[in-house]
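1. here are the coordinates; sequence isn't available:
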């Protein structure tokens, strides 16, 4: 999908949000963990199977509510090979359910390694006469601090309807230690946004936005407002809503006057909604769905989506 296709899905769903699939073993419903343990014992494979089942359930529950999902690779990769296999299955299942699928890589590689990783997400890995796309997705979120050498292999696929999002200003508390520092006459987060604009040459869609966007957290409204005003042709991914403390009113600052140009990401506030019910997670799908609908309603109260 392209940025225009993502925005079309957002309008169709009347929901400018993205659910982040970032499972953690301790937060999973007990019955899912127990079933996996019965089959695979106390192993990483059991944890990976629990992740797979849980994420499939979330995807089933949200497919008619949320237009897009982010699959956070680090959560799965922490479980080793079994976790990566589970992540591949989750990516495939999300695509089957019709979501716009973002792979949160948050990594940097150079040279042939970057080229191989870009092919693994957007192109083909050739093995003899066969070819594979192990991490097929619509877009990736990545760290761009290694510069053009790290980003260019991914950006090359944007002309074919793929998207790249570069972290400009993350939503975590310690982001200011690096991302708000002065760099000459600019702040580091503005440097990253400037690079995103440079990398966007020839990539602007018919809707006016580049196929290459930036991630800007809603937890610092001054930065969010400043970047939105200055970079009006970059699509924003907006983390920080919910568990990290940002409100819908704050996240709304990422959108343009037509209520477009951004998508708000929430993870734990949706995935862990079952932990507030006291029912051991048996209704985790319904709980996640209610949380996603509540998020949609809050966003629509603050954004004029057209």
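-> Yep, that arrived. All values derive from a computational prediction rather than experimental measurement.
2. Only C-alpha atoms from now on, for both contacts and neighbour counts.
-> Fine.
3. low-confidence ranges in the stretch 1-150 of the chain?
-> Along the stretch 1-150 of the chain, the parts satisfying pLDDT under 70 run over 1.
4. Show me where it has its strands.
-> Counting by DSSP state E, counting those that start in this stretch, the stretch 1-150 of the chain has strands at residues 17-21, 68-72, 100-104, 125-127, 130-132, 139-142.
5. what's the closest of these to residue 119?
-> Proximity to residue 119, assessed across the strands of the stretch 1-150 of the chain by C-alpha to C-alpha, is greatest for strand 125-127 (6.1 Å).
6. Can you list the strands that that closest one pairs with?
-> Sheet pairing here is set by DSSP bridges, and for strand 125-127 it gives strand 130-132 (antiparallel).
7. Strands of the stretch 151-300 of the chain, start to end?
-> 163-169, 182-183, 186-187, 212-216, 236-238, 262-266.
8. who does the last one touch, helix- and strand-wise?
-> Based on contacts counted as 3 or more C-alpha pairs under 8 Å, 6 or more residues apart in numbering; DSSP states H and E, the elements that strand 262-266 packs against are strand 17-21, strand 236-238.
9. What angle do strand 68-72 and the first one make with each other?
-> Orientation of strand 17-21 against strand 68-72 (axes from the mean of the first three to the mean of the last three C-alpha atoms, to 10 degrees) gives an angle of 30 degrees.
10. Check residue 305 and give its pLDDT.
-> Predicted confidence (pLDDT) for residue 305: 63.
11. buried residues in stretch 283-297?
-> By neighbour count with 16 or more other C-alpha atoms under 10 Å, stretch 283-297 contains the buried residues 284, 285, 286, 287, 288, 289, 290, 291, 292, 293, 295, 296.
12. In CSV: those, plus pLDDT.
-> Putting the buried residues of stretch 283-297 into CSV (pLDDT from 0 to 100) gives the following:
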residue, pLDDT
284, 94
285, 95
286, 95
287, 95
288, 95
289, 96
290, 95
291, 95
292, 96
293, 97
295, 95
296, 95
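13. mind listing what residue 233 touches?
-> 208, 209, 210 (C-alpha atoms under 8 Å, 6 or more residues apart in numbering).
14. from the residues you listed, which would you call buried?
-> Using 16+ other C-alpha under 10 Å, the buried members of the contacts of residue 233 are 209, 210.
15. Residue 198: which of the contacts of residue 233 is nearest?
-> Ranked by distance to residue 198 (C-alpha to C-alpha), these are led by residue 210 at 10.6 Å.
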